[in-house]
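Chemist: Need coordinates for the following:
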Amino acid sequence: MASLTTLLQTKYDFAVGNETNLEQGRIYQYYVGSARGTTYRCHVCWVAPSAGTATIEIWGAGGSGAEMCCCGFGLNGNPGAYSKKTLTMASGCFICGIVGQSCGNADDLCHRGTSEPTQICWFAGGTDGCMCAQGGKGGYTYCSTGNSPYCCFIAGGFCGTQGGDQYCGIICNFKDSSSEPTFCAQAYGGDTNCYGGFSCWYFRGCQPNCNCRNVPVIKFPPGQISTCGGEVHYTLDSDNGRSQWSGMGGWMNASHAFNLATRSPTQGGPYTACWTGNRSCGCYQANGCIPFMPAGIGGQGPRPCDGVRDHAHRGGLGLIRIKFVSSTNDYDLDSAP
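Modeler: Down below sits the predicted model:
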């Protein structure tokens, strides 16, 4: 009897072959996936179903943007770190860990803090060890009714490069001072350990609230879209059918940009009507608590206007990914953990 591949080859005028770009083995991913989820916060435990090779990848949670209640501006959160380890495991050996959560304290002004690390330990018959991928630092927010955002952050000790006139330039969520030492998310314990880096914001106008002239620059961590990570630059909406100036602007633009950074984009910018019952959330606090960003990616900073608070965007949660390739064929794939 002819195989399906053979039958398909008779129907098309181009070559039809077997799928060749799928990963070998089985993939297991552990992600919290909700605003207040605790399922994987306490404990993750994976047991090897047979002898084989396990490739473990972990990402720390991304830093969150911070709330502001007056006219002002804020920086994007930094991404989490990334670590990767390949292990030879016997049947019954196991891996335990905790998935880091990003800071969901949406009501904290100016700075939410640093997001949690993702941590795992493996017990593989004499080759026990641990890995850690730290979470990213949250973005900082300033209140200002008239000063240039670029000048305010430079005065605050942040790293920046002037571009255009003296009031414009790019500012990164990175500074070193005696009161706030520099922190970039680091990774430990893997065969590959990559630090997360830092996100930035390009202020191209001297007024604090001019979204049309500001460009968020959000860095994504290594190991996802590319081996070394990268960054996306995108523009913002301002009071249109899907986005209010304050409280909601930007997350759909960001999701569009990250989607297009992959080799197989699936959609453009999603549509949702603003401040009505037919969208994902209907209040400012929810926007600051729900992790819209993908795993390990920092949240966008706020764009508040006078009298309207902006809770900014929460960073993406951490992630554990295990790829297991069996060295035997003596176990049922459907019974694997």
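
Chemist: Next, the residue positioned nearest the centre of the chain: phi, psi?
Modeler: Averaging the C-alpha coordinates of the chain gives a centre point, and the residue nearest to it by CA atoms, centre = their mean is I297 (1.7 Å). The main-chain torsion angles of I297 are listed as degrees, to the nearest 10 and equal phi -100, psi 140.

Chemist: I'd like to know how far it sits from Y150.
Modeler: With distances taken as CB to CB, to the nearest Å, I297 is found 24 Å from Y150. For every residue, glycine as well, the C-beta is placed using N, CA and C.

Chemist: Which residues are in contact with the residue nearest to the centre of the chain?
Modeler: When contacts are counted by CB atoms under 8 Å, 6 or more residues apart in numbering, I297 is found next to G62, P79, I218, K219, F220, P221, F258, G315, G316.

Chemist: one more time with 7 Å
Modeler: With CB atoms under 7 Å, 6 or more residues apart in numbering as the criterion, the residues that contact I297 are G62, P79, I218, F220, G315, G316.

Chemist: What separation is there between the third one and G197?
Modeler: Between I218 and G197 the distance, using CB to CB, works out to 11 Å.

Chemist: ok, the two, which is more surrounded?
Modeler: With neighbours defined as other CB atoms under 10 Å, I218 and G197 compare such that I218 has more, 31 against 24.

Chemist: Can you check the pLDDT for the more buried one?
Modeler: Note on I218: pLDDT of 92.

Chemist: do S64 as well
Modeler: At S64 the predicted local distance difference test score is 92.

Chemist: Am I right that it is in contact with G315?
Modeler: Yes: under the criterion of CB atoms under 7 Å, S64 makes contact with G315 at 4.4 Å.

Chemist: the more surrounded of these two?
Modeler: Neighbour totals were compared for S64 and G315, and G315 leads with 42 against 38 (other CB under 10 Å).

Chemist: If I follow the layout properly, that one ends up in contact with G301?
Modeler: No: counting by CB under 7 Å, no contact exists between G315 and G301, whose distance comes to 11.2 Å.

Chemist: Which residues are in contact with each of S64 and G315?
Modeler: When CB under 7 Å, 6+ apart defines a contact, the residues bordering S64 and G315 alike are G77, S102, C103, S115, G299.

Chemist: so W59 makes contact with G296?
Modeler: Yes: counting by CB under 7 Å, W59 sits close enough to G296 to count as a contact (3.7 Å).

Chemist: With neighbour numbers in mind, choose between those two.
Modeler: More neighbours sit around W59 than around the other of W59 and G296, counting by other CB under 10 Å; the figures are 37 against 34.
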